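Chemist: Sequence and computational prediction follow.
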Number of protein chains: 2
Amino acid sequence: MGNNLRVNVILLDSSLELVPREISNHPSVVKNAKKRGKKPTEVLLDISVHYFAMKNLKDREKRGRPDIVHSAMILFLTEPFVRGDLYIHTIDSKIIKVNREVRPPKNYNRFVSLMEQLLINGKVPPESQNPLMEVTDLTLSDLSKEYKLVLLSEDGTYVPPTKLCEEIDDKTLLGIGAFPHGKFSREVLELFKESYSISSVPLETNQVLCRILSSCNEKLGWP
Amino acid sequence: MGNNLRVNVILLDSSLELVPREISNHPSVVKNAKKRGKKPTEVLLDISVHYFAMKNLKDREKRGRPDIVHSAMILFLTEPFVRGDLYIHTIDSKIIKVNREVRPPKNYNRFVSLMEQLLINGKVPPESQNPLMEVTDLTLSDLSKEYKLVLLSEDGTYVPPTKLCEEIDDKTLLGIGAFPHGKFSREVLELFKESYSISSVPLETNQVLCRILSSCNEKLGWP
């Protein structure tokens, strides 16, 4: 550890998916996709675009917020000292591996196009042997064999983030929810046995990430 | 102080402005504005849209990045415990006062529309007596009479962010650059006499904000 402290993160139940089939015929969805020259099922689900079409979608309070993943990726991947491995577990249980050297587009619309390409082709760049991002065949259960899974949840045991940074190492994978409302999926809760809360109030994804990354920088003596 | 610790922030030389007159006739600018049903000078300058038109613009390395202001505003305004006053000083020396209870749109495109409305009408909502955001008549010099101005800059004296949080109070205004590249303007450097660096490497706006907010939460005992 010491100067080699790396924080590995997995964004959980992330609100990132293509438009699901059950709403792909909704007139507003069809119209919006057409405007972008795309098929409805090639477009990222986004509540700011698909609000009306999403009205009857299952678990809709957790869905259609790729901006949460976008801002979390940028905060994590611009951290110069302690960023480690990064995974994105999506609301439909895909697991995306992100190369830690990736600089995701800062512009939201470019990010949306890139993630559409990723979810359609399985990786970006599409033909790369060593992709920047890839939809893997992994499951959370596979990851639980490689890492010690630790969940950050408002229902967990309270621990100050500075204390948490003393207890993690490069075999720990910190799970942080990346959805706007609602509870973690059963899949997540079954595999993340250990669970901590770092605040007395629910925090947004980037507030959690910020406190963890900052505390781990403090542990390194604020390089 | 104690439980009342508030961090006041001003984003400096912020990369937030409407399309300037000198490029408002550029064909690509006209075309893009038309697509949105707007006049070119009613549209936010954005390098991801106006890249070619910006080629010869003065100080262009600092301009056209409203996404920096967007993500900084969200990180600051979703901080539950220590957020204080928030100002945005723009690259063309406007000073915007942001109500600390504002919840800016998370969606980038909605944020862009809102900031266009703000820069065109001077406030949002347009007719409000108590606006959420307002372009003020203030100058940095006016603010220097109300607050102690403290600059965060890679050229400043090194101080760990946890130490900095011990030295600020509700009369301090922390200045953080909100532009992608280049140096602070002369106006900023003349008024911010005191200047600190919190890292050995240049940090992005949100990394600075994150370390400060997190450290000040630590000072409160991680509420």
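Modeler: Everything's here; your move. Because the structure is a prediction, the values reported are computed rather than measured. Residues are numbered from 1 along each chain as shown, chains lettered A, B, ... in the order given.
Chemist: where do the helices sit along chain A?
Modeler: A:27-35, A:47-50, A:66-77, A:108-121, A:140-146, A:161-167, A:186-191, A:205-219 (DSSP state H).
Chemist: Need those helices in CSV (columns: mean pLDDT, mean neighbour count and distance to residue A:7).
Modeler: Yep, even glycine has a C-beta here, placed from its N, CA and C like the rest. As requested, those are exported to CSV (pLDDT from 0 to 100; neighbours: other CB atoms under 10 Å in any protein chain shown; distance: least, CB to CB, whole Å):
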stretch, mean pLDDT, mean neighbour count, distance to residue A:7
helix A:27-35, 96, 14, 37
helix A:47-50, 96, 20, 29
helix A:66-77, 98, 23, 8
helix A:108-121, 98, 18, 22
helix A:140-146, 98, 14, 15
helix A:161-167, 97, 18, 8
helix A:186-191, 97, 14, 19
helix A:205-219, 98, 24, 5
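Chemist: Point out the residues in chain A that sit beside chain B.
Modeler: Residues of chain A that fall close to chain B, judged by CB under 8 Å from any CB of the partner chain: A:46, A:48, A:65, A:67-68, A:71, A:74-75, A:78-80, A:105-110, A:160-162, A:198-201, A:203-204, A:206-207, A:210-211, A:213-215, A:217-218, A:221-223.
Chemist: The same query, at a cut-off of 7 Å, please.
Modeler: By CB under 7 Å from any CB of the partner chain, the residues of chain A that approach chain B are A:48, A:67, A:71, A:74-75, A:78-80, A:106-108, A:110, A:160-162, A:198-201, A:204, A:206-207, A:210-211, A:213-215, A:217-218, A:222-223.
Chemist: that older thread, quick one: which of the helices of chain A is nearest residue B:129?
Modeler: Among these, helix A:47-50 comes nearest to residue B:129, with 29.0 Å by CB to CB.
Chemist: quick one, what contacts the residue in chain A sticking out farthest from the centre?
Modeler: The C-alpha centroid of chain A is most remote from residue A:27, which lies 29.4 Å away (CA atoms, centre = their mean). Listed by CB atoms under 7 Å, 6 or more residues apart in numbering or on different chains, the contact set of residue A:27 is empty.
Chemist: I'd like the helices of chain A laid out as JSON lines, including distance to residue B:12.
Modeler: Output for the helices of chain A, formatted as JSON lines (distance: least, CB to CB, whole Å):
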{"stretch": "helix A:27-35", "distance to residue B:12": "37"}
{"stretch": "helix A:47-50", "distance to residue B:12": "29"}
{"stretch": "helix A:66-77", "distance to residue B:12": "20"}
{"stretch": "helix A:108-121", "distance to residue B:12": "23"}
{"stretch": "helix A:140-146", "distance to residue B:12": "42"}
{"stretch": "helix A:161-167", "distance to residue B:12": "28"}
{"stretch": "helix A:186-191", "distance to residue B:12": "41"}
{"stretch": "helix A:205-219", "distance to residue B:12": "20"}
